[in-house]
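*Asks:* sharing a sequence plus its predicted fold:
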Amino acid sequence: MKRLRIAFVSESPSPDRAKWFRTLRARADTELHVVYLTAGPATRSWERAELAAPDVTHLHSLSLEHAGSSDHLPRMARGLRRSLDQIDPDVVIIPGWTHPSCLDALAWSRIAKVPSVTTAETWKPSDSAGVSTLLASTIRRTVLRQVDAALGASARSVHYLKREGARSVHLVHTNACDVRSIARATAAVQRSELPTVLFVGRLRDRKGANSLPTIARRLDALGVFLRVIGDGNERTALEREIGGMERVALLGPLPRAVVHQEMAAASVVVVPSFHEPWGVVVQEALAAGASVVTTSEVGCVDDLLAGTRAGRVVSTDPVDIAKACVSMATRPATRAEARTSAHRVTFESAGDQLLDALNSVVGFRARPVAESTVAQPGPALVV
């Protein structure tokens with residue numbers, strides 16, 4: 001059997017990305033090595049478990065700050081080229097276009113004559129101006145000209161990469177969530193008999209938190225309940241504006257397992273974001289069996305909601321969002337319809353997409369290996 005040896009350079013572990021890596025490690029056709037660039041110590045049990053995996057290289061990186069500003073310069077890490085020499089991969093996956101360490105990995109791949117692939121969640125150009133934006137744009141286009149292929153995390157990302165001049169573009173849903181686990185964990189949860197809309201996310205403008213007061217008032221006037229999960233710099237303002245409303249509950253941050261239970265009990269999960277590269281909350285809500293109302297500024301809508309009754313896509317106008325929420329709350333999709341939409345993208349399908357894309361880049365350079373060395377699935381991570 002031939003297996004493809006992959007070096008995946010990544011930032012700090014995330015719960016779903018760590019689970020996806022576990023799925024890839026269990027495949028008979030891949031040999032995955034992850035190089036994590038982290039700026040601090042692991043604080044969660046799943047994170048420590050991921051960093052301790054035998055095929056993981058953990059490099060501590062330095063993230064510099066502008067004086068007097070919360071903006072961070074890109075991360076730098078020592079030992080990356082040495083780690084790639086030791087892994088001796090068939091292909092290198094390099095996210096984070098403007099990170100010096102990722103650019104270092106790209107330079108290594110050119111010198112070692114190893115195919116390189118970059119990943120992108122982005123699907124629209126930045127609307128901000130300034131020297132930093134121009135520099136990032138220049139670096140991005142340079143990287144896209146140098147790598148052998150680019151992987152778009154959504155259908156929109158694929159179109160964006162093609163417009164930016166990438167030579168070979170493939171769809172790989174690298175931001176998939178663990179839909180099967182969520183569906184199993186919420187299977188027994190009963191949907192509330194009262195029409196209920198749920199918001200989950202950081203309470204900040206980009207996530208649409210400033211739209212919640214208008215949405216709440218519209219819902220309250222029509223007898224629809226709103227529950228808000230999350231924390232952020234808009235929390236105090238929301239507590240002042242809508243905290244006292246009879247049909248509004250501001251729940252603060254909650255554990256992920258509880259969030260999924262709340263999703264399953266809600267009639268609708270609302271995602272009023274002004275920009276999301278993917279929008280994992282949309283897929284988590286669908287996996288929990290909830291209908292979704294979201295905006296056209298969320299990257300996953302073409303992949304998960306096109307042609308389905310399980311979701312409604314509207315503008316970022318809070319009045320439009322509220323109207324759609326009321327409509328969906330009174331006539332929500334069935335749980336089966338929602339979960340079918342969620343299962344359009346899974347860890348397994350994303351793994352197939354990845355291997356198809358990498359094999360098209362590498363060709364038949366994958367190395368033969370004995371069956372006895374095929375990785376076995378590890379224990380499930382507890383998040």
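*Replies:* Done, it's in.

*Asks:* wait, what's in contact with the residue most central in space within the chain?
*Replies:* Ranked by distance to the mean C-alpha position of the chain (CA atoms, centre = their mean), the top residue is Asn175 at 3.6 Å. Taking CB atoms under 8 Å, 6 or more residues apart in numbering as the definition of contact, the neighbours of Asn175 are 16, 121, 153-154, 277-278, 280, 300. From N, CA and C alone the C-beta is placed, and that goes for glycine too.

*Asks:* switch the cut-off to 10 Å
*Replies:* If you count contacts by CB atoms under 10 Å, 6 or more residues apart in numbering, Asn175 has them with 14, 16-17, 20, 119, 121, 153-154, 157, 277-280, 283, 299-300, 303, 345, 350.

*Asks:* again with Ala329
*Replies:* Ala329 sits in contact with 192, 194-197, 219, 222-225, 266-268, 270, 291, 293, where contact means CB under 10 Å, 6+ apart.

*Asks:* try it again with 6 Å
*Replies:* By CB atoms under 6 Å, 6 or more residues apart in numbering, the contact list for Ala329 reads 195, 197, 224, 267-268.

*Asks:* same deal with Thr295?
*Replies:* In this structure, Thr295 makes contact with 272-273, 316, judged by CB under 6 Å, 6+ apart.

*Asks:* nearest to Ala357 among those?
*Replies:* Using CB to CB, Ser273 comes nearest to Ala357 of the contacts of Thr295, at 27.6 Å.

*Asks:* that closest one reaches Gly208, doesn't it?
*Replies:* Yes. Under the criterion of CB atoms under 6 Å, Ser273 makes contact with Gly208 at 5.0 Å.

*Asks:* if we can go back for a sec, so which of the contacts of Thr295 comes closest to Ile139?
*Replies:* Comparing these against Ile139 with CB to CB places Ser273 closest, at 25.9 Å.

*Asks:* distance-wise, check the closest one relative to Tyr36.
*Replies:* 27 Å (CB to CB, to the nearest Å).

*Asks:* got it, and Ser154?
*Replies:* If you go by CB to CB, the gap between Ser154 and Tyr36 works out to 24 Å.

*Asks:* the more surrounded of the two?
*Replies:* In terms of neighbours (other CB atoms under 10 Å), Ser154 is the more surrounded of Ser154 and Tyr36; the figures are 29 against 23.

*Asks:* so Ser341 is in contact with Leu304, correct?
*Replies:* Yes. Counting by CB under 6 Å, Leu304 is a contact partner of Ser341 at 5.4 Å.

*Asks:* among the contacts of Thr295, which one has the most neighbours?
*Replies:* With neighbours set by other CB under 10 Å, the maximum within the contacts of Thr295 is found at Pro272, which has 27 neighbours.

*Asks:* over to that one: give its phi and psi.
*Replies:* Main-chain dihedrals, Pro272, degrees, to the nearest 10: phi -90, psi 30.

*Asks:* pretty sure it is touching Gly208, no?
*Replies:* Yes. Counting by CB under 6 Å, Pro272 sits close enough to Gly208 to count as a contact (3.1 Å).

*Asks:* before we move on, the earlier item: from the contacts of Asn175, list just the buried residues.
*Replies:* 16-17, 20, 119, 121, 153-154, 157, 277-280, 283, 299-300, 303, 345, 350 (16 or more other CB atoms under 10 Å).

*Asks:* Ala333 in helix, strand or coil?
*Replies:* coil (DSSP: H, G, I helix; E, B strand; the rest coil).

*Asks:* which residues of the stretch 251-383 of the chain score low on pLDDT?
*Replies:* Confidence mapping of the stretch 251-383 of the chain against pLDDT under 70 gives the ranges 364-383.

*Asks:* could you pull out the helices for it?
*Replies:* With DSSP state H, counting those that start in this stretch, the ranges of helices along the stretch 251-383 of the chain come out as 256-265, 280-287, 301-304, 318-330, 335-342, 347-362.
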